[in-house]
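Peer 1: sequence first, then the predicted structure, then my questions.
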Amino acid sequence: MNTEPILIELLHITKKYSEAVVALNDVRFQLNRGEIHALLGENGAGKSTLIKVLTGVEKRNSGIISFEGKEINPRSPQEAQDIGISTVYQEVNLCPNLSVAENIYIGREPKKGGRIDWNAINNQAKKLMEKFDLDINVTKRLDSYSVAIQQMVAIARASDISAKVLILDEPTSSLSRLEVDKLFDTMRLLRSQGMGIIFVTHFLDQVYEVTDTITVLRNGEYVGTYATAQLSRVELVGKMIGKEYSQISDKLQPHVEAETEGKLFADLQEVTGLGTVRDMNMSICYGEVLGLSGLLGSGRSETARLIFGIDKIEKGDLEIKGERVSLKSTLDAIKAGIAFCPEDRKTDGIVGDLSVRENIILALQAKKGMLNRITRQEAEEIAEQYIKKLEIKTPTSEQLVKNLSGGNQQKVILARWLATNPELLILDEPTRGIDIGTKAEIQKIVTDLAKQGMAVIFISSEIDEMLRCCSRIAILRDYKKIAEIKGSAISEQTIMRYIAGGEIDEKDY
């Protein structure tokens, strides 16, 4: 382990947004001088919240933050920066309309005779860029350069203001391989100079390429801290998803067999999204539950968004029932027989201030068109039908949907899409954050729909859930499909090892 002095120590950090919503629970984290430390975890693990607490964006409920042995309480990112903690986000938080030099020295411009010394600013900025092996025109606007260059400018600024801690939050998501290599060279240079770097990423290959230490969070709680070289990828995946590989039985796990072979509903041929999924080949058949498995950032949700017309297909073909289609909008997808329950039901799903009835008929009304209005009586009949069918617990269909439990809100969203009579239902994390009983109910609904002939795409971070629901599973990593398994090949071992990037032995099949 690193024997360098401790730069930052967080102890017993708890952050509650309400008694029911605990984002961080007794979390700890330690960063040493001259260390690149990965902070990992799936969606909802607490990574972003911990960074916000450390940098003064969020106020913690309890716990201690120490910087070089002294307790600190930053109340804003500026206060954190003044202490020596600088953050570079995926979305570069500089001023795109100013020059590179202005961005580096904004707020601390050298003066001469009471006026800003532009020659000094430009000369110093050029020398600073040369330290990072960047030969660029520092007088040009920042937005005239690539995202990679903009990130390097942000890092250079952090180093020039004598930051001792650099937080990189998903810095490589929009970078090419060459740009990533350049960034890693810079990180290693800063590490050699004694800087401590917190690296938040979802790319496991990059974790093992550049980091010294890994801390894993799960569901807002501390799982553990490990030397990168001593933690295998399969073990890391297990700690992130809460399923230790060594505890998995050697025998194959139960899985759902498709009732019939099913004819093809949709086919993706070499589909690539703008900055997301690459060269995706995937078939979707009637009467089956196709699972999309992988870690955060693997491309699961991005694939769903392409199929539903939210994001644009840059190249490749999407065929529906044997015909090539171009979905220019989600309405096109709905009319093609596709339904989509999004990952974030609060933000992208329910309309909280509308009633259960109004939420259920939203998609059907969009499909029919505003000139073909659903009458109040028809809407009530549709709502009551699905309240009964899905056993939605609500006193009346006129209840505001925001007043229902999370599980019942999820059922309302499911009812909305079932009312459109879809041929393909895409479910992105449909059981996240709901109680065990309701989770089991939704899983049964999903498998029953497939038995009735519907095509279903099911996305979940829980491998157990995938095994219970899916008849075929496509495994994604780094925005590409790396494997597809079905029948006797479906097991927790196989899925975890593919996700981790390990080799698969014949015995896994």
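Peer 2: Right, received. Where do you want to start?

Peer 1: any low-confidence regions in the stretch 201-350 of the chain?
Peer 2: Applying pLDDT under 70 to the stretch 201-350 of the chain flags residues 243-262, 346.

Peer 1: if we go to 50?
Peer 2: Within the stretch 201-350 of the chain, the stretches with pLDDT under 50 are 248-255, 259-260.

Peer 1: now the strands for it?
Peer 2: All strands of the stretch 201-350 of the chain, identified by DSSP state E, counting those that start in this stretch, fall at 213-218, 221-227, 264-273, 280-285, 289-293, 313-320, 323-325, 338-341.

Peer 1: show residues contacting the last one.
Peer 2: For strand 338-341, contacts defined as C-beta atoms under 8 Å, 6 or more residues apart in numbering pick out 266, 304, 307-310, 320, 330, 333, 349, 363, 410, 413-414, 417-418, 420, 422-428, 430. Just so you know, the C-beta spots here come from the backbone N, C-alpha and C atoms, and that holds for glycine as well.

Peer 1: try 6 Å
Peer 2: Contacts with strand 338-341, where a contact means C-beta atoms under 6 Å, 6 or more residues apart in numbering, come from 308, 413, 417, 420, 422, 424-427, 430.

Peer 1: before we move on, what about the fourth one?
Peer 2: Residues from elsewhere that reach strand 280-285, judged by C-beta under 6 Å, 6+ apart: 262, 264-268, 271, 290, 455, 474, 481.

Peer 1: again, 8 Å this time
Peer 2: With C-beta under 8 Å, 6+ apart as the test, strand 280-285 has contacts from 258, 261-272, 290, 299, 303, 306, 316, 424, 455, 457, 474, 480-481.

Peer 1: enumerate every residue touching Val401.
Peer 2: Neighbour list for Val401: 350-352, 354-356, 359, 409, 412 [criterion: C-beta under 8 Å, 6+ apart].

Peer 1: next step: those restricted to helices.
Peer 2: Using DSSP state H, the members of these that fall in helices are 356, 359, 409, 412.

Peer 1: filter these down to the buried ones and hand me the ChimeraX line.
Peer 2: Remark: buried members of the ones in helices among the contacts of Val401, expressed as a ChimeraX selection using 16 or more other C-beta atoms under 10 Å:
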select :356,359,409,412
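
Peer 1: which of the ones in helices among the contacts of Val401 scores worst on pLDDT?
Peer 2: Lowest pLDDT among these: Gln409, with 86.

Peer 1: how far away is that residue from Pro430?
Peer 2: Counting by C-beta to C-beta, to the nearest Å, the separation of Gln409 from Pro430 is 11 Å.

Peer 1: check for me that Asp26 belongs to a strand.
Peer 2: Yes. Asp26: assigned to a strand according to DSSP: H, G, I helix; E, B strand; the rest coil.

Peer 1: can you give me the neighbour number for it?
Peer 2: 14 (other C-beta atoms under 10 Å).

Peer 1: how close does it get to Lys16?
Peer 2: Noted for Asp26: a distance of 12 Å to Lys16, by C-beta to C-beta.

Peer 1: please state the offset of stretch 177-193 from the chain centre?
Peer 2: Relative to its chain's centre, stretch 177-193 lies at 24 Å (C-alpha atoms, centre = their mean, to the nearest Å).

Peer 1: Phe132 touches Ala158, doesn't it?
Peer 2: No. Contact criterion C-beta atoms under 8 Å: Phe132 and Ala158 do not qualify, at 11.4 Å.

Peer 1: looking at those two, which is more packed in?
Peer 2: Taking other C-beta under 10 Å, Phe132 and Ala158 do not tie; Ala158 has more neighbours (24 against 17).

Peer 1: picking up where we left off before, in CSV: the contacts of strand 338-341, plus neighbour count.
Peer 2: Shown next, in CSV, are the contacts of strand 338-341 (neighbours: other C-beta atoms under 10 Å):
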residue, neighbour count
Phe308, 23
Ile413, 24
Trp417, 21
Thr420, 21
Pro422, 22
Leu424, 23
Leu425, 25
Ile426, 27
Leu427, 27
Pro430, 26
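
Peer 1: what about the residues you listed, which are in helices?
Peer 2: Counting by DSSP H, the contacts of strand 338-341 place 413, 417 in helices.

Peer 1: possible to save the contacts of strand 338-341 as JSON lines with distance to Thr87?
Peer 2: Converted to JSON lines, the contacts of strand 338-341 look like this (distance: C-beta to C-beta, whole Å):
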{"residue": "Phe308", "distance to Thr87": "33"}
{"residue": "Ile413", "distance to Thr87": "35"}
{"residue": "Trp417", "distance to Thr87": "39"}
{"residue": "Thr420", "distance to Thr87": "43"}
{"residue": "Pro422", "distance to Thr87": "42"}
{"residue": "Leu424", "distance to Thr87": "41"}
{"residue": "Leu425", "distance to Thr87": "40"}
{"residue": "Ile426", "distance to Thr87": "35"}
{"residue": "Leu427", "distance to Thr87": "35"}
{"residue": "Pro430", "distance to Thr87": "33"}
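
Peer 1: in strands, which of the contacts of strand 338-341 fall?
Peer 2: The strands, defined by DSSP state E, take in 424-427 from these.

Peer 1: care to break this protein down by domain?
Peer 2: Split into domains by automatic domain parsing, the chain comes to 6-245, 264-508.

Peer 1: Cys95 in helix, strand or coil?
Peer 2: Secondary structure state of Cys95, per three-state DSSP, is coil.

Peer 1: just give the nearest non-adjacent residue to it, would you?
Peer 2: Asn103 (5.8 Å; C-beta to C-beta, 6 or more residues apart in numbering).

Peer 1: contacting residues around the helix or strand where that neighbour lies?
Peer 2: Asn103 belongs to helix 100-105 when assigned by DSSP states H and E. With contact meaning C-beta under 8 Å, 6+ apart, helix 100-105 is reached by 94-95, 121-122, 124-126, 128-129, 136-140, 142, 145, 153-154, 156-157, 160.

Peer 1: if anything else comes up later, I'll come back, but that's it for now.
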